[in-house]
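[1] Quick one: sequence plus predicted model below, questions after.
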Amino acid sequence: VYVKKEEMVRHFKWHKKREESLQHGFMRYSPMDNCKSKFGTCTHNGRQTHYHCIQAGCDKVYISTSDVQMHANYHRKDSAIIHEGFQRFRATEDCGTTACQFYGQRTTHFHCRRSGCNFTFKNKADMEKHKTYHQKDEILSKDGFKKFMKYENCLFTNCKYAKISNHIHCIRPGCDYVLHSTAQLYSHKRKHERRDFE
């Protein structure tokens, strides 16, 4: 309850500023607010206006609005990367995957998040190339084929091309043909289509 108009205006501005900070993913606390219930050991509590990041797993706190905006960009970029099917791990973050070639190296790197894919890389430019690989793989799968790069584990038992060269398996029932280039795809697919037609 407010008696003076100035107090009412000040409180309205407090709500407005908090709403604005929430749009960036931060909870704003003024010196009169107590943040200890949510952020127990905060050194800024009761001393100055500050902003706590409310993204899951993030404990960042800032006193500068420009730092808030920069940090919000960090989360926006991460969301865009996740939307593309990847996850970024900064040098200060542990990816938690002991099989990762960059595990424990304190280097920024990326993991593909698609099921069954363990691809990891450091160069962000490889992201688009790997995304294209999965798009092509989906098209191949619809046509009855599965491609394996030489760095991948071939899922076909006793495959003599596994870990040696890039190759493509026909995945149609009863066919164990292995192709060595995409140029062979069309003729092999036509062979199956002719058999199905007959």
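    Okay, I see it. Given the structure is predicted, the values throughout are model-derived calculations rather than measurements.
[2] all helices for the protein, in order.
    Remark: helices assigned in the chain by DSSP state H are 5-23, 65-83, 126-142, 185-197.
[3] Gly174 and Cys159: what is the separation?
    For Gly174, the distance to Cys159 (C-beta to C-beta, to the nearest Å) stands at 17 Å. For every residue, glycine as well, the C-beta is placed using N, CA and C.
[4] More neighbours: these two, which one.
    Cys159 (16 against 5; other C-beta atoms under 10 Å).
[5] so what's the backbone phi/psi at the more buried one?
    phi -70, psi 120 (degrees, to the nearest 10).
[6] Surely it and Val178 touch.
    Yes: counting by C-beta atoms under 8 Å, Cys159 does reach Val178; the two are 7.3 Å apart.
[7] anything in contact with each of these two?
    167, 169 (C-beta atoms under 8 Å, 6 or more residues apart in numbering).
[8] ok so, going back, would you mind putting the helices of the chain into JSON lines with distance to Lys150, mean pLDDT and mean neighbour count alongside?
    As requested, those are exported to JSON lines (distance: least, C-beta to C-beta, whole Å; pLDDT from 0 to 100; neighbours: other C-beta atoms under 10 Å):
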{"stretch": "helix 5-23", "distance to Lys150": "47", "mean pLDDT": "84", "mean neighbour count": "12"}
{"stretch": "helix 65-83", "distance to Lys150": "26", "mean pLDDT": "91", "mean neighbour count": "14"}
{"stretch": "helix 126-142", "distance to Lys150": "13", "mean pLDDT": "92", "mean neighbour count": "13"}
{"stretch": "helix 185-197", "distance to Lys150": "18", "mean pLDDT": "88", "mean neighbour count": "12"}
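[9] Can you add distance to Gln101 and give the ones you listed back as TSV?
    Shown next, in TSV, are the helices of the chain (distance: least, C-beta to C-beta, whole Å):
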stretch	distance to Gln101
helix 5-23	38
helix 65-83	19
helix 126-142	13
helix 185-197	31
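[10] which one of the ones you listed lies closest to Cys154?
    Between Cys154 and those, the tightest spacing by C-beta to C-beta is seen for helix 126-142, at 13.7 Å.
[11] and the angle for the closest one with helix 185-197?
    Between helix 126-142 and helix 185-197, the angle comes out at 20 degrees (axes from the mean of the first three to the mean of the last three C-alpha atoms, to 10 degrees).
[12] And helix 126-142, what does it pack against?
    Applying 3 or more C-beta pairs under 8 Å, 6 or more residues apart in numbering; DSSP states H and E, we find helix 126-142 packed against strand 109-112, strand 145-148.
[13] Just checking: what are the partner strands of the last one?
    With DSSP bridges as the test, strand 145-148 is paired with strand 167-170 (antiparallel).
[14] Can you give me the end-to-end span of stretch 25-45?
    With C-alpha to C-alpha, to the nearest Å as the measure, stretch 25-45 spans 19 Å from end to end.
[15] I'd like the average pLDDT over it.
    Regarding stretch 25-45, the rounded mean pLDDT is 90.
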